[in-house]
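S.K.: can you look at this prediction? I've put the sequence above it.
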Amino acid sequence: MMFLPTLVLSLLYVRRDYVALMKSIALVSPIYLIWDYFATLYHSWSFNENYVLGVYVTDLPIEEVMFFFVTPFATLMIYDFVTRFEDREIRFVPKVALSLSLTSLILALVTARLSYTSIDLIYLSFSLLITFVLDRRMLSSLNFWRFIGLSYVPFLVFDYLLTSLPIVEYGRSITNVRVLTIPIEDFVYSFSMLTFYTLFYRRFKRRERVEQR
């Protein structure tokens, strides 16, 4: 539903670095797949058997495994698109991100009894901290925040479907604060995941440019 239209648009209209993209996906996806595996194992969330094919990879539906390839492939096309426009530096954002990283770690301890909420905050914290260390310019880039804002458009559509049918079901692992049917934790999850994918996509792109000189 997402992959083929994105692939066609990519090939026709958007210049992308597919090697850097695949490297970023190969590096980041396992980090989230491991979390997904244990979250499913310990019932932080589960998948409605009525909406999956029944093909499993280490207890994860094949659709869920494919999510970590299709989502960055499709969503980072928005990043490639917005970077065609003039960028602007927002200098105060990296310091705000660092503060948010530390705050998230504290909140993760406070919410430790809610497994999804707590681990979500830990991932958020590390995504901001590692980006602050490795690529502070990304955090201060207006285009990055434009990308994050736009990424929530497809997120709202697909996550609403996932949580309203529901295809994904949550136990007592969340605060149960929701936007429509979408747990607030999913917004944080999406942000940390896309931050990691974008961070390493940018780094691999830069490395390839250096090697080509």
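M.R.: Nice, thanks for sending it over. Numbering: from 1, shown residues only.
S.K.: show me where the chain has helices.
M.R.: Ranges of helices in the chain, per DSSP state H, are 3-13, 18-41, 62-82, 93-110, 115-134, 136-139, 142-164, 184-212.
S.K.: let's have those in TSV, adding mean pLDDT, mean neighbour count and distance to L53.
M.R.: Where C-beta positions appear, they are placed from N, C-alpha and C, glycine not excepted. As requested, the helices of the chain are exported to TSV (pLDDT from 0 to 100; neighbours: other CB atoms under 10 Å; distance: least, CB to CB, whole Å):
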stretch	mean pLDDT	mean neighbour count	distance to L53
helix 3-13	70	12	16
helix 18-41	96	17	16
helix 62-82	94	19	6
helix 93-110	97	15	34
helix 115-134	98	20	24
helix 136-139	97	17	37
helix 142-164	96	16	16
helix 184-212	92	18	23
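S.K.: out of these, which comes closest to Y170?
M.R.: helix 115-134 (6.6 Å; CB to CB).
S.K.: can you pull the pLDDT of R16?
M.R.: pLDDT recorded at R16 is 85.
S.K.: list the contacts for L98?
M.R.: L128, L129, F132 (CB atoms under 8 Å, 6 or more residues apart in numbering).
S.K.: my bad, V188
M.R.: V188 neighbours (CB under 8 Å, 6+ apart): D120, L121, Y123, L124.
S.K.: out of these, which one sits closest to A112?
M.R.: For the contacts of V188, the nearest to A112 is L121 (9.9 Å; CB to CB).
S.K.: quick one: the closest one from R146, how far?
M.R.: 25 Å (CB to CB, to the nearest Å).
S.K.: with Y152 instead?
M.R.: Y152 is 11 Å from R146, by CB to CB.
S.K.: S46 too?
M.R.: Distance check for S46 against R146: by CB to CB, it reads 35 Å.
S.K.: how about D80?
M.R.: D80 is 12 Å from R146, by CB to CB.
S.K.: and if you look at S99?
M.R.: Taken as CB to CB, the span from S99 to R146 is 22 Å.
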